[in-house]
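*Asks:* Everything below, folded, please.
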Amino acid sequence: MSFLELTDVHKHYGPVAALAGVDLSVTSGSRTAIVGPSGCGKTTLLRLIAGFEAPDRGRMVLDGEVLANGDAAVPAYRRGIGVVAQDGALFPHLSIAANIGFGMRQDKRTERIVELAYIVGLDKAILKRRPHELSGGQQQRVALARAMAMKPRLMLLDEPFSALDTGLRASMRKAVAELLETAGITTILVTHDQAEALSFASQVAVMRDGKFSQVGTPHELYLKPKDRMVAEFLGDAIILPAKIADGFATSPLGRIAVDSTERRDLVRIMLRPEQVLLKRTSREGMSGTPDMLFGEVTESEFAGSMCTIAVRLLNSPDPPDAAAIGNTPLVLRKPGIDTPVIGEIVRLTVSGKAHVFA
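*Replies:* Alright, predicted model coming up:
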């Protein structure tokens, strides 16, 4: 049974449709991530769920309680929903203890503040400080503790990790996910970071033009996206023309297993770059092997643990049309150790199945 149910939710600002019919089902205790380009309606949707604004049309139900039905809505303070904004939105004139305890009842308030600080990994000594004396990561932990102080039924996170550096961002994201899971709090995260959405959530919703293009598990959306937009928004994708029949595709990368048993003359298939494996060889090693695929490394960009390389195809065993190969290189991300360098010849093989777009 759904804990949060949104049905045909609309919101306009003048002639602009911020939300154009949103449907979403969230189960109790789960973590949902909403991703999409800027201006697609992600933050607007969070504001409507929180009760900061009312929808023009549609129905919103939380744990059996109708939050909004058209423009009739329950006020934000009665919804039992916690919100953590991108900048934390702490009160600069209050101490950390006062920030965390804001709105709490006085009985056992001090004990609860210390407990919450411990839960989010803050030292007790920090409670006497002011927000400007803390790092970005510490401020976000304070904001999370303040949101949890009211024991919310639902937690809304609006880009909460975007201001943090890369290392802290990953560790903070993991800590928050574990914290919310332990507390059993249903969570919705809005983010621009695809990796963050895939690693944090049990359900991912990709938004475009005020609607959800696709909703599903991280694995479903990453490996079987509905269309090219979803595929490329959730990570690097290799899109190729192909003919498919009997579970295989004839493509510029040769004969590849696909996730469809249809027979179609011209489709688009998708591979993730990590599915394309490279093995060093030489031009002499290309002779006598017409059924194998070879390429030349034309670009290489080192970035520590990963390296981005471009490979220009030198032949194609089974191109679906003469113009399919062209001079457009494949762009691949590979481990930074012992990566082929510019000018080297490599043999390409494909691991797993390619996804066929509907």
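*Asks:* Can you give the contact residues for the helix or strand bottoming out on mean pLDDT in the chain?
*Replies:* Least confident element among the helices and strands of the chain, by mean pLDDT, DSSP states H and E: helix 166-183 (a mean of 80). With contact meaning C-beta atoms under 8 Å, 6 or more residues apart in numbering, helix 166-183 is reached by 29, 31, 119-121, 136-137, 140-141, 144, 148, 155, 157, 160-161, 164, 187, 196, 199-200. Placement of C-beta: from N, CA and C, glycine included.
*Asks:* Let's see which of those residues end up in helices.
*Replies:* Applying DSSP state H to the contacts of helix 166-183, the entries found in helices are 119, 136-137, 140-141, 144, 148, 196, 199-200.
*Asks:* filter these to the buried ones?
*Replies:* If you count burial by 16 or more other C-beta atoms under 10 Å, the buried members of these come out as 136-137, 140-141, 144, 148, 196, 200.
*Asks:* From these, pick the one nearest Ile239.
*Replies:* The shortest approach to Ile239 among those belongs to Glu196, at 23.9 Å (C-beta to C-beta).
*Asks:* residues in contact with that closest one?
*Replies:* Contacts of Glu196 by C-beta under 8 Å, 6+ apart are 33, 161, 169, 173, 189.
*Asks:* so how far is Gly82 from it?
*Replies:* Taking C-beta to C-beta, to the nearest Å as the measure, Glu196 and Gly82 are separated by 19 Å.
*Asks:* most centrally placed residue in this structure?
*Replies:* Ala197 (2.7 Å; C-alpha atoms, centre = their mean).
*Asks:* which non-adjacent residue is nearest it?
*Replies:* Ala33 (3.7 Å; C-beta to C-beta, 6 or more residues apart in numbering).
*Asks:* One more: Val215?
*Replies:* Nearest residue to Val215, sequence neighbours excluded (C-beta to C-beta, 6+ apart): Ala205, at 4.4 Å.
*Asks:* about what we covered before: hmm, which two among the contacts of Glu196 are most spread apart?
*Replies:* Farthest-apart pair in these is Ala33 and Arg169; separation 14.5 Å (C-beta to C-beta).
*Asks:* More neighbours: which of these two?
*Replies:* Ala33 (24 against 20; other C-beta atoms under 10 Å).
*Asks:* Give the residue spans of the stretch 151-300 of the chain that score low on pLDDT.
*Replies:* 163, 288-290 (pLDDT under 70).
*Asks:* Show me where it has its helices.
*Replies:* Secondary structure of the stretch 151-300 of the chain (DSSP state H, counting those that start in this stretch): helices located at 166-183, 194-200, 218-223, 228-233.
*Asks:* before we move on, back to that, any idea which of the ones in helices among the contacts of helix 166-183 is closest to Pro75?
*Replies:* Met148 (20.9 Å).
*Asks:* I'd assumed Ile185 was in contact with that closest one.
*Replies:* Yes - the criterion here is C-beta atoms under 8 Å, and Met148 meets it with Ile185 at 7.5 Å.
*Asks:* Overlap of the contact sets of those two?
*Replies:* Joint contacts of Met148 and Ile185 (C-beta under 8 Å, 6+ apart) are 82, 155.
*Asks:* The nearest residue to Met286 once chain neighbours are set aside pairs with what?
*Replies:* Distances taken as C-beta to C-beta, 6+ apart put Phe294 closest to Met286, at 5.0 Å, once the chain neighbours are dropped. For Phe294, the beta-bridge partners are Arg347 (DSSP bridges).
*Asks:* pretty sure Phe294 is in contact with Val311, am I right?
*Replies:* No - between Phe294 and Val311 there is no contact under C-beta under 8 Å: 9.4 Å.
*Asks:* with the contacts of Glu196 in mind, which one is nearest to Ile238?
*Replies:* Ala33 (24.2 Å).
*Asks:* helices and strands around whichever helix or strand that closest one is part of, which ones?
*Replies:* According to DSSP states H and E, Ala33 maps onto strand 31-35. Applying 3 or more C-beta pairs under 8 Å, 6 or more residues apart in numbering; DSSP states H and E, one finds that strand 31-35 makes contact with helix 42-50, helix 166-183, strand 186-191, helix 194-200, strand 203-208.
*Asks:* Return the most buried member of these.
*Replies:* Highest mean neighbour count among the helices and strands packed on strand 31-35 (mean count of other C-beta atoms under 10 Å): strand 186-191, with a mean of 25.
*Asks:* Now tell me what touches that strand from outside.
*Replies:* For strand 186-191, contacts defined as C-beta under 8 Å, 6+ apart pick out 3-4, 26-35, 42-43, 45-46, 49, 153-162, 180, 196-197, 200-201.
*Asks:* Could I get the CA-only coordinates of that strand as PDB?
*Replies:* Provided in PDB are the C-alpha atoms of strand 186-191 (Å, rounded to 0.1, in the frame of the first residue of the first chain):
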ATOM      1  CA  THR A 186      10.000   7.800   4.200                       C
ATOM      2  CA  THR A 187      12.200  10.200   2.200                       C
ATOM      3  CA  ILE A 188      12.000  12.100  -1.100                       C
ATOM      4  CA  LEU A 189      15.300  13.600  -2.500                       C
ATOM      5  CA  VAL A 190      15.500  16.200  -5.200                       C
ATOM      6  CA  THR A 191      18.900  16.300  -6.900                       C
END
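*Asks:* Thanks a lot, see you next time.
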